[in-house]
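Trainee: Here is my input; please provide its structure:
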Amino acid sequence: MSLYLGIDTSAYTTSLAVINEDGQIVADERMVLTVPMGKRGLRQSEALFLHVKNLPQLFERIPPGLASRIKAVAVSQAPRDTKDSYMPVFLAGLGQAQVISRILGVPLYAVSHQQGHIAAGIYGHPDLLQESSFTAVHFSGGTSDVMRVTRGGDGFFSIENLASSSDLHAGQLVDRVGVAMGLPFPSGPALEKLAVQADNNNHYRIPAAINLPNISFSGAETRAIQMYQQGIPEAEVAAAVLRVVAKTVEKALLGIEYQKQANKVLLVGGVMANHLIRRRIIDRLEHPAVGLKLYFAESGLSSDNAVGVAYLALLLHENSSQELKD
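Mentor: Predicted coordinates for the structure are as follows:
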């Protein structure tokens, strides 16, 4: 059975994945980069070095004897689908993919990290492949985008940006507030554990700052840290941070849906793995009075992974083979 390899070296996770021609996951291996306690991240040079160290270890975990069955390789080469999108960390995966493609004599498809996230979301909802276009939300530590995704283009689909953060990203808000409160980086899981302990009275609120196409989280960061410094319980601060992220998604999608009549929405990225954020968005936006249809990436495929990239290798290779037949 034919196999397809995906490689992703994002800011904080080294990932490899292999899927077969039926779309089943054969291997999904990841190593999260370690960030020292109290730090809010890693320099690109530090992260690149760790990816170079991690990749051989991940390849050792792949079942032996698969190489002869690999028909195509895909790799994330940049964060987003824009000409000026670049981060050095992606060079680690790109270099490995180029060598593997050359040695095996198989096609290499270079995609963006964002395309990989979208494909990972589609992986759990293949019916979206039948849609000519849909709306996508990608909220993570490095991206806060709302997009129109359309079938076609060099990367299997093309992306039109509809709204983006003008300062901090949603994941940066979560991590900066979490680190300020003494939580480990990344802070999402720990912040969620705190937030579930909060009262449900919503006394402590942080306003969502959005003026399409611009989204802002810097004011939310300032307010959240002020709340913490003023002695407001940590659980309440955590809950307020997660509510403002959910409220921002809600307001952005309502504004875009009104403009574009886009009622099917795929939500991906590490921030969208948060159960409290998901619950609020579903309650508000799938309400009959609103009528949006939401598709979330599977929890295990919301955070950085190479499964979506491997899935793109399969989809792009199938497209290329079909074009040759035509």
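Trainee: only C-alpha atoms for contact and neighbour calcs from this point on.
Mentor: OK.
Trainee: Can you verify my assumption that residue 195 contacts residue 236?
Mentor: Yes - between residue 195 and residue 236 there is a contact under C-alpha atoms under 8 Å: 6.5 Å.
Trainee: which residue ends up closest to the midpoint of this structure in space?
Mentor: When C-alpha atoms, centre = their mean is applied to the chain, the residue found nearest the centroid is residue 269 (2.6 Å).
Trainee: From residue 254, how far off is that one?
Mentor: 20 Å (C-alpha to C-alpha, to the nearest Å).
Trainee: where does the stretch 151-300 of the chain have low pLDDT?
Mentor: By pLDDT under 70, the low-scoring segments of the stretch 151-300 of the chain are 201, 258-262.
Trainee: Helices of the stretch 51-200 of the chain, residue ranges please.
Mentor: Ranges of helices in the stretch 51-200 of the chain, per DSSP state H, counting those that start in this stretch, are 90-104, 113-123, 170-180, 188-195.
Trainee: What is the second one packed up against?
Mentor: Here helix 113-123 is seen to pack against strand 70-78, strand 133-139, strand 264-268, helix 299-302, helix 307-325 when contacts are counted using 3 or more C-alpha pairs under 8 Å, 6 or more residues apart in numbering; DSSP states H and E.
Trainee: Do you know the pLDDT at residue 320?
Mentor: According to the prediction, residue 320 has pLDDT 78.
Trainee: What distance do you get for it to residue 233?
Mentor: 56 Å.
Trainee: just to revisit the earlier point, comparing the helices and strands packed on helix 113-123, which stretch has the densest surroundings?
Mentor: Stretch with highest mean neighbour count among the helices and strands packed on helix 113-123: strand 70-78 (a mean of 27; mean count of other C-alpha atoms under 10 Å).
Trainee: so what strands line up beside it?
Mentor: Looking at strand 70-78 with DSSP bridges, its partner strands are strand 3-9 (parallel), strand 108-112 (parallel).
Trainee: now those as TSV including mean neighbour count?
Mentor: As requested, the strands paired with strand 70-78 are exported to TSV (neighbours: other C-alpha atoms under 10 Å):
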stretch	mean neighbour count
strand 3-9	31
strand 108-112	23
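Trainee: Could I get these in a markdown table, plus columns for distance to residue 184 and mean pLDDT?
Mentor: Shown next, in a markdown table, are the strands paired with strand 70-78 (distance: least, C-alpha to C-alpha, whole Å; pLDDT from 0 to 100):
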| stretch | distance to residue 184 | mean pLDDT |
| --- | --- | --- |
| strand 3-9 | 21 | 98 |
| strand 108-112 | 28 | 97 |
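Trainee: Can you lay out those as JSON lines showing distance to residue 52?
Mentor: Listed next are the strands paired with strand 70-78 as JSON lines, based on distance: least, C-alpha to C-alpha, whole Å:
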{"stretch": "strand 3-9", "distance to residue 52": "9"}
{"stretch": "strand 108-112", "distance to residue 52": "18"}
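Trainee: Looking at those strands, which is nearest to residue 188?
Mentor: Closest approach to residue 188 among these is made by strand 3-9 (20.0 Å; C-alpha to C-alpha).
Trainee: what's that closest one in contact with?
Mentor: Contacts with strand 3-9, where a contact means C-alpha atoms under 8 Å, 6 or more residues apart in numbering, come from 14-21, 51, 66, 69-76, 89-90, 92-94, 97, 113, 305-311, 313-314.
Trainee: Repeat the analysis, applying 6 Å as the threshold.
Mentor: With contact meaning C-alpha atoms under 6 Å, 6 or more residues apart in numbering, strand 3-9 is reached by 15-20, 69-76, 90, 93, 306, 309-310, 313-314.
Trainee: ok, now stretch 174-189?
Mentor: Residues contacting stretch 174-189 (C-alpha under 6 Å, 6+ apart): residue 37.
Trainee: how long is it from one end to the other?
Mentor: 10 Å.
Trainee: can you check stretch 60-75 too?
Mentor: When the termini of stretch 60-75 are compared using C-alpha to C-alpha, they are 18 Å apart.
Trainee: What mean pLDDT does it get?
Mentor: For stretch 60-75, mean pLDDT rounds to 94.
Trainee: ditto for stretch 81-98
Mentor: On average, the pLDDT along stretch 81-98 is 94.
Trainee: quick one on the thing from earlier: ok, which of the helices and strands packed on helix 113-123 comes nearest residue 281?
Mentor: Closest among those, using C-alpha to C-alpha: strand 264-268, at 10.2 Å.
Trainee: Could you list the buried residues of whichever helix or strand comes after the closest one?
Mentor: Scanning forward in sequence from strand 264-268 by DSSP states H and E, the next helix or strand is helix 275-285. Buried residues in helix 275-285, counted by 16 or more other C-alpha atoms under 10 Å: 276-278, 280-282, 284-285.
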